[in-house]
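J.: please work out how this folds:
(chains A and B)
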2 protein chains.
Amino acid sequence: MARIAVDVHGGDIGVAHNIAAAIDKGLSSDIELVLVGHEHQIEAELRRLSIPKTRFRVVHAEEAIGMEESASLSVRRKTNNSISVALDLMRRGEADAVVSAGHSGALVAASLMILGRIPGVSRPALGTRIPSKGQTAFVLDIGAFTDPRPEVMLQHGHLGAAYVEAILGVPRPAVALLSNGEEPGKGDALTRAARELFEASVLHFVGYVEGHEMLSKPPHVTVTDGFTGNVALKIAEGTASYVARLLRDELTATTRTKVLAALLRPTFRALRMQMDFDGIGGAPLLGVNGVVIAAHGRSAPRALVAAIETANNAARNELPARLRDTLPRQARAEAASTTLTPVTS
Amino acid sequence: MARIAVDVHGGDIGVAHNIAAAIDKGLSSDIELVLVGHEHQIEAELRRLSIPKTRFRVVHAEEAIGMEESASLSVRRKTNNSISVALDLMRRGEADAVVSAGHSGALVAASLMILGRIPGVSRPALGTRIPSKGQTAFVLDIGAFTDPRPEVMLQHGHLGAAYVEAILGVPRPAVALLSNGEEPGKGDALTRAARELFEASVLHFVGYVEGHEMLSKPPHVTVTDGFTGNVALKIAEGTASYVARLLRDELTATTRTKVLAALLRPTFRALRMQMDFDGIGGAPLLGVNGVVIAAHGRSAPRALVAAIETANNAARNELPARLRDTLPRQARAEAASTTLTPVTS
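T.: Numbers count the residues shown, from 1 in each chain, chains lettered A, B, ... in the order given. Below you'll find the model as predicted:
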C-alpha cells in the first residue's frame, strides 16, 4: 500500500472537489490516502459526503497558500501550511508521496526546504507527459526554475531519462533538446551550450526537436529550460482547447449541425480523451528527496485523480531511490568511457 | 499598382507551385508581379500553363538557395541567388516588396546585407499574425535572431505596434511580453529586464501574456525573443494540426462516422479556415529598409498567395516610411515625457 498525502487546499477547485477526487471510485484500491488540510473543513466535507472519517487518515494543517501568493515568502511565513505539512509527513516516513494541485512555485520551494535535493542535482525540474497518440512523450523543465546553466539542463536530461525508464517503462529513452531548428547550429546560446554537454554524455541523445514535432513525433524525453517549457506547454494546452472551442461553436451553430454532432458524440469524446492534458497524470518534481506530484491547478478533479495515480506508480516503483542513484551512476559511466578512449597519439 | 517581386525558387513546394500561386485568380488585380528565378524554368512553366510571358516581368537569377544550406554562407557565396536578386530589385526601386517562401535565415541575412537596417533598429524581427477568431494577434520575433538584448526587444515592441497600427488598423495597440506567468516577478532574466524597459516606454504596455492566452484572449502585439517565439509558433501550429489529424482519424474510423462527417463537411471546412496558419499572410521582416515578407516554407501555394496580399497591403500603406519614422518619434516622445516629469525634490 502506498500512502499518498493529498493537499486538500490545492488549486482553484476547492476543498470539496479535492476530496471528491481523493475518494474517486476509479482510484487504485491499493492506495492509502492521507488528507492534509484544515481538520474542520475536511471533517465537514466528509460528513456531507457521509464518509466515515476512519476510512482516511486526516492530518491537520492550520494554513493554506493561495494561488496568488509569493512562493518562497508564503512558504517561509506560513510554516503550518498544507503543502509543507504534507511534505513533512513524507520526510518523517509517514507518507510515500505528496500530491498537490496548489501553487506549484510554493510546492517547489517547500520541497527544496523540507526534502532537499538528491546528490548531483543543482535544481529540481517539473516534468510532464504530453498527449501524443499512445507515444511516450515527457517534457521537462515545465516551470520549476528559469535561467538554468547548461550543466543543470544535462542533469535534467538524466533525471527525465531515469523517470521515463523507471516509471513509463521505456528502456534507454531517446532524449532531445527543444530548439528552433534541427541543425546543430540552431538554438539560443543556452541550448547550443547544453547540446555540447548532451553530445558528450552517455544519454541516448537524438539532437534537437522542433515545436511542431513535440506531439506528432516526439522523442521520449524533451529537455528545455523552465521558461521555454512553461510557455511551450501552455501554448500546446491553449491551442488544443482553442480548437476544441472552435469545433464546439461550429457544431452548435444550427439545429442541423447540433443533430449531426449529437450522433457523433462518441467520436468527439474519443477525440477529447486523446488531447486531454488533465488526465495525463500531473507533473513530478524530479531532483528532490521524495515523490512530489503537482496536479494541474486550474483543472477538474480528474486531473487530481490522475496525479494521485502517478504518485502511486512512482512510490511503488521506488522513484526516489532510482533517481538518487542516477547522477552518480552516470558520472561513473562517463568517467569510465573517458578512460576507455584509446590514446592514439 | 504595387510591384511585388516573388522568389519562385523559395520553399519546399517547387517552382511550378510558386508560379501557380503568383498567378492565382484570387489575387488583387492591382498587383504587378515580378517573377524572380531561373529564366528557363520560369519560361517553361509559363508555356506549360499557356500564359504569355508578356503578362509578367521575369527577372533572371542564376542560383537558388536550398532549404538546408547555411544562411549567411549561402548568401555570401551565391551572389546571384533568387532572394538577393529580388531584394536588389527593391533596393534599386524596381519593386515595392519582396516575397519568398525560401530559407528564412537567408532572407534575413540577405535583407540585412542588401537593404540595411532602419534608424534605431539593432536587429530586425520576423512577425506574424496568429489565428484568433477575428481578433488581431501579432507575434514577434518568431525567429529572425536568438538571444536579443532587452533593448532590442523594446525596439521590436515599437516595430510590432507600428505594423499593427499601420497595416492591421488598430490604433494604439496593446503590447505584451510572452511569459511564464502574469505576475511582474515571473519571466526569465531577459523577459524581466525587458519588462522594465516596456513599462518605462510610451507603448500601451499591458504586462505579461501566458502561452494559453495567446489564441483565446491575445494582446494585439506579443513580444518575445526569436528562440521562444519560434518554438511557441511551431507548437501552436503543431498542436492545431495534431488535433486536426486526430479528428480526421476518428471521423474516418467507421462507415457510420464517415457518412456523418460528410454531412458536416461545411462545418469542418469552417473550422479549418479558422485555425489556418498558412492563410494568415506570411511573416513581415520588420526593421529593414523595404517590404520583405517570408511565406511559410513547408506549406501550400495558398500560403504564398496570402503572403503576396500582405506584401501588397504593406507596400500600399508605405510600411517602410512609417517604420523608419517610428523609433525616432518614440525616442522624441520618451524624451519629452521625461522632461515633463515634475521635479519634486
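J.: how near is residue A:186 to residue B:105?
T.: For residue A:186, the distance to residue B:105 (C-beta to C-beta, to the nearest Å) stands at 9 Å. (Glycine included, C-beta is placed from N, CA and C.)
J.: the strands in chain A, which residues?
T.: A:2-7, A:31-37, A:57-60, A:97-100, A:125-129, A:138-140, A:174-179, A:204-210, A:221-223, A:283-286, A:292-294 (DSSP state E).
J.: just the C-alphas of the fourth one, formatted as CSV.
T.: Taking only C-alpha atoms (Å, rounded to 0.1, in the frame of the first residue of the first chain), the coordinates of strand A:97-100 have been written out as CSV:
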residue,chain,number,x,y,z
ALA,A,97,4.2,10.6,-1.9
VAL,A,98,2.7,14.1,-1.9
VAL,A,99,0.2,15.4,-4.4
SER,A,100,-1.0,19.0,-4.6
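J.: which other helices and strands contact that strand?
T.: If you count contacts as 3 or more C-beta pairs under 8 Å, 6 or more residues apart in numbering or on different chains; DSSP states H and E, strand A:97-100 packs onto strand A:2-7, helix A:82-91, strand A:292-294, helix A:301-316.
J.: let's see 10 Å
T.: Packing contacts for strand A:97-100, counted by 3 or more C-beta pairs under 10 Å, 6 or more residues apart in numbering or on different chains; DSSP states H and E, involve strand A:2-7, helix A:14-22, strand A:31-37, helix A:82-91, helix A:104-114, strand A:292-294, helix A:301-316.
J.: ok, the second one next?
T.: Helices and strands touching strand A:31-37, by 3+ C-beta pairs under 10 Å, 6+ apart, are strand A:2-7, helix A:14-22, helix A:39-48, strand A:57-60, helix A:82-91, strand A:97-100, helix A:301-316.
J.: check what pLDDT the closest residue to residue A:133 other than its chain neighbours gets.
T.: Closest residue to residue A:133 in three dimensions, ignoring its sequence neighbours and counting by C-beta to C-beta, 6 or more residues apart in numbering or on different chains: residue A:274, at 6.6 Å. Looking at residue A:274, its pLDDT is 84.
J.: domain parsing for chain A?
T.: A:1-119+A:287-317, A:122-286 (automatic domain parsing).
J.: ok, of those domains, where does mean pLDDT dip lowest?
T.: Among these, domain A:1-119+A:287-317 scores lowest, at a mean of 90.
J.: and the longest helix seen in chain A, which residues are buried?
T.: Longest helix in chain A by number of residues (criterion: DSSP state H): helix A:226-251. Buried residues in helix A:226-251, counting neighbours by 16 or more other C-beta atoms under 10 Å in any protein chain shown, are found at A:226-244, A:246-247, A:250-251.
J.: then stretch A:214-223?
T.: A:214-215, A:218-223.
J.: ok, now stretch A:85-96?
T.: So for stretch A:85-96, counting by 16+ other C-beta under 10 Å, buried means A:85-91, A:95-96.
J.: could you measure from the residue of the stretch 1-150 of chain A found nearest chain B over to residue A:296?
T.: Residue nearest to chain B within the stretch 1-150 of chain A: residue A:146 (3.9 Å; C-beta to the nearest C-beta). To residue A:296, residue A:146 is 20 Å away according to C-beta to C-beta.
J.: quick one, which of the two is more surrounded?
T.: Higher neighbour count among residue A:146 and residue A:296: residue A:296, with 25 against 21, using other C-beta atoms under 10 Å in any protein chain shown.
J.: quick check: that one vs residue A:102, distance?
T.: In terms of C-beta to C-beta, residue A:296 sits 11 Å off from residue A:102.
J.: what residues are shared contacts of those two?
T.: Common contact partners of residue A:296 and residue A:102 (C-beta atoms under 10 Å, 6 or more residues apart in numbering or on different chains): A:11-12.
J.: looking at the buried residues of stretch A:214-223, which two lie furthest apart in space?
T.: A:215 and A:223 (16.7 Å; C-beta to C-beta).
J.: how about the residues of the stretch 51-200 of chain A near chain B?
T.: Within the stretch 51-200 of chain A, the positions near chain B by C-beta under 10 Å from any C-beta of the partner chain are A:68, A:70-71, A:104-105, A:130-133, A:142-143, A:145-148, A:178-183, A:185-192.
J.: ok, residue A:268 - contacts?
T.: A:244, A:247-248, A:251, A:261-262, B:247, B:250-251.
J.: and the gap between it and residue B:92?
T.: Counting by C-beta to C-beta - residue A:268 and residue B:92 are separated by 56 Å.
J.: and residue A:332, what is it in contact with?
T.: Counting by C-beta under 10 Å, 6+ apart, residue A:332 touches residue A:202.
J.: quick one: it from residue B:155, how far?
T.: 49 Å.
J.: one more: residue A:292?
T.: From residue A:292 to residue B:155 the distance is 42 Å (C-beta to C-beta).
J.: of these two, which one has the most company?
T.: A count of neighbours by other C-beta under 10 Å puts residue A:292 above the other of residue A:292 and residue B:155, at 33 against 26.
J.: report the buried residues of stretch A:147-164.
T.: Result for stretch A:147-164 [16+ other C-beta under 10 Å]: buried residues A:148, A:150, A:152-164.
J.: cool, and stretch A:181-194?
T.: Buried positions in stretch A:181-194, judged by neighbour count with 16+ other C-beta under 10 Å: A:181, A:186-188, A:190-192, A:194.
J.: show me the contacts for residue A:185.
T.: Residue A:185 makes contact with A:192, A:195, B:70-71, B:105 under the criterion C-beta under 10 Å, 6+ apart.
J.: the contacts of residue A:268 into a markdown table, with extra columns for distance to residue B:283?
T.: Converted to a markdown table, the contacts of residue A:268 look like this (distance: C-beta to C-beta, whole Å):
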| residue | distance to residue B:283 |
| --- | --- |
| A:244 | 27 |
| A:247 | 27 |
| A:248 | 30 |
| A:251 | 32 |
| A:261 | 35 |
| A:262 | 41 |
| B:247 | 27 |
| B:250 | 32 |
| B:251 | 32 |
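J.: pick the one among those closest to residue B:14.
T.: Distances from residue B:14 to these, taken by C-beta to C-beta, are shortest for residue B:247, at 29.2 Å.
J.: for residue A:4, name its beta-bridge partners.
T.: Note on residue A:4: beta-bridge partners by DSSP bridges are residue A:33, residue A:97.
J.: now do the contacts for residue A:289.
T.: Applying C-beta under 10 Å, 6+ apart, the residues contacting residue A:289 are A:90-91, A:111, A:114-119, A:121, A:124, A:320, A:323-324.
J.: and it, backbone torsions?
T.: With angles defined as degrees, to the nearest 10, residue A:289 sits at phi -80, psi 90.
J.: count the neighbours of the closest residue to it other than its chain neighbours for me.
T.: In this structure, residue A:289 finds its nearest non-sequential neighbour in residue A:115, 4.4 Å apart by C-beta to C-beta, 6+ apart. Look at residue A:115: counted by other C-beta under 10 Å, it has 22 neighbours.
J.: at the geometric centre of chain A, which residue do we find?
T.: Closest residue to the average C-alpha location of chain A: residue A:283 at 0.8 Å, with C-alpha atoms, centre = their mean.
J.: for residue A:133, grab phi and psi.
T.: Per degrees, to the nearest 10, the backbone of residue A:133 is at phi 50, psi 50.
J.: would you check that it makes contact with residue B:242?
T.: Yes: Residue A:133 lies in contact with residue B:242 (C-beta atoms under 10 Å); the separation is 8.2 Å.
J.: shared neighbours of the two, anything?
T.: With C-beta under 10 Å, 6+ apart as the test, residue A:133 and residue B:242 both reach A:215-216, A:274-275.
J.: okay then, goodbye and thanks.
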